[in-house]
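In: based on what follows, work out the 3D shape:
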Amino acid sequence: MNHRLYEDWLFAHLDPAGSDLNPQQVKELESHLAECGSCQQLADSWRQVEVELHRPVMVEPAAGFTLRWQARLEADQARLHKRQALAMLAFYLSAGALVLGSLLALVWPWLGSPQVLFWSWFYRLYTVVSYAGEVQEFLRPVVQVATSSVPFTGWVFLVGILCELGVLWLVSFRLITNPRSVSR
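Out: Now for the predicted structure:
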């Protein structure tokens, strides 16, 4: 026998929102439930499910659940921290080895002849000193003209403005890098 029609009627009849069954269908469903054991068992099981679903029972956690959960969380965080620390150590060691290898590759030709290394550094030092002398010779007349054309009070005002801008920059930098935390 096909029970599909009666099962649909059963779920429609037991629906708390209301059923769309007419009185003839309700009578036919009740007579079928009186005769059919499997449909009667389905109706009883569905009523039990409805009762269980609408019962507001809070399930209590097992004793010591919070302590076990906190211990597990701490252990998981410790493992994660250790794994991250090892990954960062491996990254830094490999980056250091790469940089050291690159520097060694650059310096390798000079290691055979230390005279070339000495004279190249001496030449670089000489060029830096000569450039510094040229910059000094260029800036000396500029500074003389600037000091003679701007009065002393203008210089004091300019230095004051620069100091205030420096303080404003420091305070802004401090606020951006260390924001205040909101406490409750």
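
In: can you report how many residues lie near Cys39?
Out: 19 (other CB atoms under 10 Å). From N, CA and C alone the C-beta is placed, and that goes for glycine too.

In: same thing with Phe122?
Out: 10.

In: that one sits in which helix or strand?
Out: According to DSSP states H and E, Phe122 maps onto helix 114-149.

In: by contact count, what packs against that helix?
Out: Helix 114-149 sits against helix 65-111, with contacts defined as 3 or more CB pairs under 8 Å, 6 or more residues apart in numbering; DSSP states H and E.

In: which SS class is Leu21?
Out: Here Leu21 is coil, with the state taken from DSSP: H, G, I helix; E, B strand; the rest coil.

In: and what of Val57?
Out: coil.

In: same question for Pro179.
Out: coil.

In: quick check: Tyr131 vs Gly37, distance?
Out: 105 Å (CB to CB, to the nearest Å).

In: how about Val143?
Out: 111 Å.

In: likewise His54?
Out: 26 Å.

In: same deal with Leu21?
Out: Separation of Leu21 from Gly37 (CB to CB): 22 Å.

In: Val57 now?
Out: In terms of CB to CB, Val57 sits 30 Å off from Gly37.

In: can you get me the centre-to-centre distance for stretch 131-144 and its chain?
Out: Computed by CA atoms, centre = their mean, to the nearest Å, the chain-centroid distance of stretch 131-144 equals 51 Å.

In: quick one: average pLDDT of it?
Out: The pLDDT scores in stretch 131-144 average 92.

In: so which elements touch the lowest-mean-pLDDT helix or strand in the chain?
Out: When the helices and strands of the chain are scored by mean pLDDT, DSSP states H and E, helix 4-13 comes last with a mean of 72. Identification of packing neighbours for helix 4-13 by 3+ CB pairs under 8 Å, 6+ apart yields helix 23-35, helix 37-54.

In: and the angle from the helix holding Phe122 to helix 65-111?
Out: Counting by axes from the mean of the first three to the mean of the last three CA atoms, to 10 degrees, helix 114-149 lies at 100 degrees to helix 65-111.

In: chain center to helix 114-149: distance?
Out: Using CA atoms, centre = their mean, the offset of helix 114-149 from its chain centre is 49 Å.

In: domains of this protein?
Out: 4-54, 76-112, 118-152 (automatic domain parsing).

In: could these go into CSV alongside distance to Gly166?
Out: Formatted as CSV, those follow (distance: least, CB to CB, whole Å):
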stretch, distance to Gly166
domain 4-54, 70
domain 76-112, 35
domain 118-152, 20
